[in-house]
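Enquirer: I'd like to go over a predicted model; first the sequence, then the structure.
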Amino acid sequence: MKAIKNNFDLIIAAGGDGTINEAASTLATENSDIPLGIFQFGSVNDFASYLNLTNDPYDYADLVNKMNTIKIDLGKIKDNYFINVAAGGTLTNIAHDTPREMKALLGKNAYYLQSIKDLSEKGIYTSNLTFKTDEFEMTDDFYFFLVSNSPSVGGFNKLAPTAEIQDGLLDCVFIKKANFIDKIELFIQILKGNHIENENILYFKTSKIKIINNSEEDVEYDIDGELGGILPIEIEVAPSIINILI
């Protein structure tokens, strides 16, 4: 806030997706045109990886000297913004459930260990969800959903393969309930990035979406690796709202 009030030339956020979210959200909330620089740090930084930003301090100094910036979209839930993704369902709680000490010690591997622990305790479960957009609506049993601003999510570079940060749209991925054999095939395809043709995947773009939970159990949602709340939610795109250094 101090940097915004004093009209700094540049704000650099060093950290993972949660840290970048805080900086981007503040700039969007304050309608600030100050460019945001992203320095890869922390356990996971999907957005910086997608932009192929260096984490070498000397190369980053060159990046700052050039000051090339672009306007990008953000996702918005009520008064909260996300730079990368909102997600809910099986395993989407891993980022905010993994202890910070474990993340500091093991980095991305901490998420893998937490995933194994979570699956052993809860298994792979589905939730009955209804989603509504201006284009269509559907109710079905889903393992999880992602509403993404960029292709890179959770360390997977092509989870939302056609997502763009300047198209004024959000990319939505809903994974439907499947039998055991189809589940194995589906997760292999996700690893390869060619899952969007799978019949158990719903993949579409929209500018606004409402997601309602019809199950008895609450469904949490995650915003850029931090706990956001429980369903229902309404998500919309905030087009060309902040400047970032590229």
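Expert: Looks like it arrived, so ask away. Residues are numbered from 1 along each chain as shown.
Enquirer: who touches stretch 71-80?
Expert: For stretch 71-80, contacts defined as Cβ atoms under 8 Å, 6 or more residues apart in numbering pick out 24-25, 28-29, 81-83, 85-86, 147, 149, 165-170, 223, 228, 233-244. All C-beta atoms are positioned from the backbone trio N, CA, C, and that covers glycine.
Enquirer: okay, it in CSV with CA atoms only?
Expert: Listed next in CSV are the C-alpha coordinates belonging to stretch 71-80 (Å, rounded to 0.1, in the frame of the first residue of the first chain):
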residue,chain,number,x,y,z
LYS,A,71,-1.8,-5.5,-19.2
ILE,A,72,-3.3,-8.8,-18.0
ASP,A,73,-6.6,-10.2,-16.8
LEU,A,74,-7.3,-11.5,-13.3
GLY,A,75,-10.1,-13.7,-12.0
LYS,A,76,-12.4,-12.2,-9.4
ILE,A,77,-14.5,-13.7,-6.6
LYS,A,78,-16.5,-11.0,-4.9
ASP,A,79,-13.8,-8.5,-3.8
ASN,A,80,-11.0,-11.1,-4.1
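Enquirer: can we start the residue count at 3 from this point?
Expert: Fine by me, first position is 3 from now on; the one you just mentioned is stretch 73-82.
Enquirer: quick check: can you list the domain ranges of the protein?
Expert: By the record's domain assignment, the chain is partitioned as 4-77, 84-241 (automatic domain parsing).
Enquirer: mean pLDDT and mean neighbour count for those - can I get that in TSV?
Expert: What follows is the domains of the chain, written out as TSV (pLDDT from 0 to 100; neighbours: other Cβ atoms under 10 Å):
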stretch	mean pLDDT	mean neighbour count
domain 4-77	90	17
domain 84-241	80	17
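Enquirer: which residues of this structure fall in helices?
Expert: Along the chain, the stretches classed as helices by DSSP state H are 4-7, 19-31, 48-52, 59-68, 96-99, 102-108, 111-124, 182-194.
Enquirer: other SSEs contacting the second one?
Expert: The one in question is helix 19-31. With contacts taken as 3 or more Cβ pairs under 8 Å, 6 or more residues apart in numbering; DSSP states H and E, helix 19-31 sits against strand 13-17, strand 38-42, helix 48-52, strand 71-79, strand 82-84, strand 235-247.
Enquirer: residues touching the residue nearest the centre of the chain, list them.
Expert: In the chain, the centroid-proximal residue (Cα atoms, centre = their mean) is V87; its distance is 1.9 Å. Neighbouring residues of V87 by Cβ under 8 Å, 6+ apart: 48, 77, 148-152, 155-156, 162, 224-226.
Enquirer: which of the residues you listed sits closest to K179?
Expert: Set against K179, the nearest of the contacts of V87 by Cβ to Cβ is L148 (16.3 Å).
Enquirer: was I right about that closest one contacting S154?
Expert: No. Contact status for L148 versus S154: not in contact, 11.3 Å apart, counting by Cβ atoms under 8 Å.
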